[in-house]
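Chemist: need coordinates for the below:
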Amino acid sequence: MQIAALVNSEGNTSGFDKNGIIKVYSKVECEWITMKQMDYQTENIADSMALHTRIREICDWLGVCKIIVVNRIRGIHYIAFEEKQVSMLEIGGAPELFLNDIRECINHQRTAQEVPMEHNTVFEARPGIYHTDLREVMKGHASYNSRQILLPFLKNNKYSLLEIICDHVPKWLETEQSDLKLRFSVEKYRECIKLKVYPSKTK
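Modeler: Presented below is the predicted three-dimensional model:
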């Protein structure tokens, strides 16, 4: 298992708004070692398009490593990494102090059929009409992604409407729309979007 972290010159986690070094760690016997590293510079990132391009390059460089740790997650970074199926974790301090905890947590999640979530992650506003705010859910569960949050509900519950407040339409929802037998619409909602999911009409 490999875990990446963006660190500053002092060896503590940093954010993508500052220069730093991205290190990829792997546990060999009882010790975490740096498998590879690359410099991260902000000078040539002038806008969101340049940022997305840079993050895609980072994801290609990460390869099989699908977890990166920073000290602060911003929405634009989260979206760009999610597009490449890389999970972001928000943890401060030196990676050596928390890498074991991440490994144990991920291994535990792999043994479960579903990620355990609080009962009010998706709640029933009215009979058959459900609501969730992905932004709020992910604030408290940075290691979860939209698929882990929504898929159990869509597979296991009967609903007439699921309203989802989010920053963007999850790409996996578009690709699995037919298998999940659903349709959806998108509308502007304040500074983000409201995604309305309905069961597909059957003859």
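Chemist: what's the first helix or strand after the lowest-mean-pLDDT helix or strand in the chain?
Modeler: Lowest on mean pLDDT, DSSP states H and E among the helices and strands of the chain sits helix 99-111, with a mean of 65. Using DSSP states H and E, the helix or strand that follows helix 99-111 in sequence is strand 123-126.
Chemist: residues of the lengthiest helix in the chain that come out buried?
Modeler: Secondary structure of the chain per DSSP state H: the longest helix is helix 48-62. Within helix 48-62, the residues that qualify as buried are 51-52, 54-55, 58-59, 62, counting by 16 or more other CB atoms under 10 Å. No exception for glycine: its C-beta is placed from N, CA and C like everyone else's.
Chemist: partners of the next helix or strand after that helix, with directions?
Modeler: Downstream of helix 48-62, the first helix or strand assigned by DSSP H and E is strand 67-70. Next to strand 67-70 in the sheet, as set by DSSP bridges, lie strand 2-7 (parallel), strand 87-90 (parallel).
Chemist: need the contact partners of strand 67-70.
Modeler: Contact partners of strand 67-70, identified using CB atoms under 8 Å, 6 or more residues apart in numbering, comprise 2-6, 13-16, 22, 62, 77, 81, 86-91, 95, 98, 102, 106.
Chemist: quick one: it to chain centroid distance?
Modeler: From the chain centre to the centre of strand 67-70 is a distance of 10 Å (CA atoms, centre = their mean, to the nearest Å).
Chemist: per-domain residue ranges of this structure.
Modeler: According to automatic domain parsing, the chain comprises the domains 2-111, 123-199.
Chemist: so where's the protein shaky on pLDDT?
Modeler: Along the chain, segments meeting pLDDT under 70 span 105-120, 139-144, 202-203.
Chemist: try it again at 50.
Modeler: Filtered on pLDDT under 50, the chain yields the residue ranges 108-120, 203.
Chemist: among the contacts of strand 67-70, the buried ones, what's the PyMOL command?
Modeler: Per 16+ other CB under 10 Å, the buried members of those correspond to this PyMOL selection:
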select buried, resi 3+4+5+6+13+14+15+16+22+62+77+81+86+87+88+89+90+91+95+98+102+106
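Chemist: returning to what we had before: closest one of the buried residues of helix 48-62 to residue 189?
Modeler: Distance to residue 189 across those (CB to CB) is lowest for residue 52, with 22.6 Å.
Chemist: so for the closest one, what's the nearest residue that isn't a sequence neighbour?
Modeler: The spatial neighbour of residue 52 that comes closest, neighbours along the chain excluded (CB to CB, 6 or more residues apart in numbering), is residue 80 at 4.9 Å.
Chemist: what residues does that neighbour make contact with?
Modeler: Applying CB under 8 Å, 6+ apart to residue 80 gives the contacts 51-52, 55-56.
Chemist: rerun that using 10 Å as the cut-off
Modeler: Residues in contact with residue 80, defined by CB atoms under 10 Å, 6 or more residues apart in numbering, are 16, 48, 51-56, 58-59, 74, 86, 88.
Chemist: now do residue 48
Modeler: Neighbouring residues of residue 48 by CB under 10 Å, 6+ apart: 76, 79-80.
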